[in-house]
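Engineer: next input, structure requested:
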Amino acid sequence: MTEALARILIADDEADLRALLQRYLGDQGYAVRTVESAQPLDKLLARERFDVLVLDVMMPGEDGLAVCRRLRAQGETIPILMLTARGDPVDRIVGLEMGADDYLPKPFNPRELLARIQALVRRQRMLGAHTGPAPVQESVRFGAFTLHLGERRLEREVEGAKEDIPLTTGEFSLLQALALNANRPLGRERLIELAHGREHEATDRSIDVQVMRLRKLIEAESAQPRHIRTVWGVGYLFVP
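Structural biologist: All right, here's what the predicted structure looks like:
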């Protein structure tokens, strides 16, 4: 991936600034999406993959600092550049402590923002592109099941007796993607990317079919799922 192909997500409540940055960064070769608050931000992060998040501190509702803290608590590794109209250095320090990677006070020259985004993208290329929440555990337990990530197998325990539940490669990859993003709504496109990679040709329908199969295997009542829940208008949510 080159810097010119990087995908940038901008969250700022100032419509004029969003339009300016989308036009300017787009002219520099970036793919840019913009949102005005935390709710559409969460929906886009669930559906698509971005390389840098430009996040305004002073958004209405859930502000940028709270959003940054929440994303990091969820394990989201996307580089975050904070924007603020505040001049207090304490704000900058708090933002960095919450997990932001860089900080730029308003007003700013768009060229400086561009330079900082380029630096974040270069750093990510050197470290390896982020893939969303980072897997840190070796297994995930839910209900009577244990998903062994390293061994790529699903185990069920009933009254002390353990048995392996056969899964196809695709089913395991999808269940792993859901389990490693527990309690976080994920769109179908995002699930395809997490489970199979960005270039995979899986379709939304194939994800729905695999979810249906997984529900028959792990849910007591597949029609009323407890673990793999549908989030209307978004996709699916895994609840351990």
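Engineer: once you drop chain neighbours, what's closest to Pro60?
Structural biologist: Distances taken as CB to CB, 6 or more residues apart in numbering put Asp13 closest to Pro60, at 5.7 Å, once the chain neighbours are dropped. For glycine as for every other residue, the C-beta is placed from the backbone atoms N, C-alpha and C.
Engineer: now the terminal residues of stretch 51-68, how far apart.
Structural biologist: Stretch 51-68 stretches 15 Å from its first residue to its last (CA to CA, to the nearest Å).
Engineer: what's the average pLDDT for that stretch?
Structural biologist: The average pLDDT for stretch 51-68 rounds to 92.
Engineer: and the helices in this protein, which stretches?
Structural biologist: Secondary structure of the chain (DSSP state H): helices located at 15-27, 38-47, 64-73, 89-97, 110-127, 169-179, 188-196, 204-218.
Engineer: for stretch 152-164, what is the average pLDDT?
Structural biologist: Stretch 152-164 comes out at a mean pLDDT of 91.
Engineer: contacts made by it with the rest, please.
Structural biologist: Contacts to stretch 152-164, defined as CB atoms under 8 Å, 6 or more residues apart in numbering, come from residues Ala144, Phe145, Thr146, Leu147, His148, Ile165, Leu167, Phe172, Leu175, Leu217, Ile218.
Engineer: which parts of that stretch are buried?
Structural biologist: Using 16 or more other CB atoms under 10 Å as the test for burial, stretch 152-164 gives Leu154, Glu155.
Engineer: check the burial of the residue lying closest to Pro240 once chain neighbours are set aside by counting its neighbours.
Structural biologist: Leaving aside its sequence neighbours, Pro240 sits nearest to Phe142 (CB to CB, 6+ apart; 4.1 Å). Counted with other CB atoms under 10 Å, the neighbours of Phe142 add up to 17.
Engineer: what sits opposite Phe142 in the beta ladder?
Structural biologist: Phe142 forms beta bridges with Phe145, as assigned by DSSP bridges.
Engineer: for Arg229, see how far away it is.
Structural biologist: Phe142 sits 12 Å away from Arg229, going by CB to CB, to the nearest Å.
Engineer: anything in contact with each of those two?
Structural biologist: In contact with both Phe142 and Arg229: Val239, using CB under 8 Å, 6+ apart.
Engineer: of the helices of the chain, which shows the lowest average pLDDT?
Structural biologist: Minimum mean pLDDT among those: helix 89-97, a mean of 71.
Engineer: quick revisit: my guess is the residue nearest to Pro240 contacts Ala179, does it?
Structural biologist: Yes. Using CB atoms under 8 Å, Phe142 is in contact with Ala179, at 7.3 Å.
Engineer: overlap in contacts, those two.
Structural biologist: By CB under 8 Å, 6+ apart, Phe142 and Ala179 have these common neighbours: Pro240.
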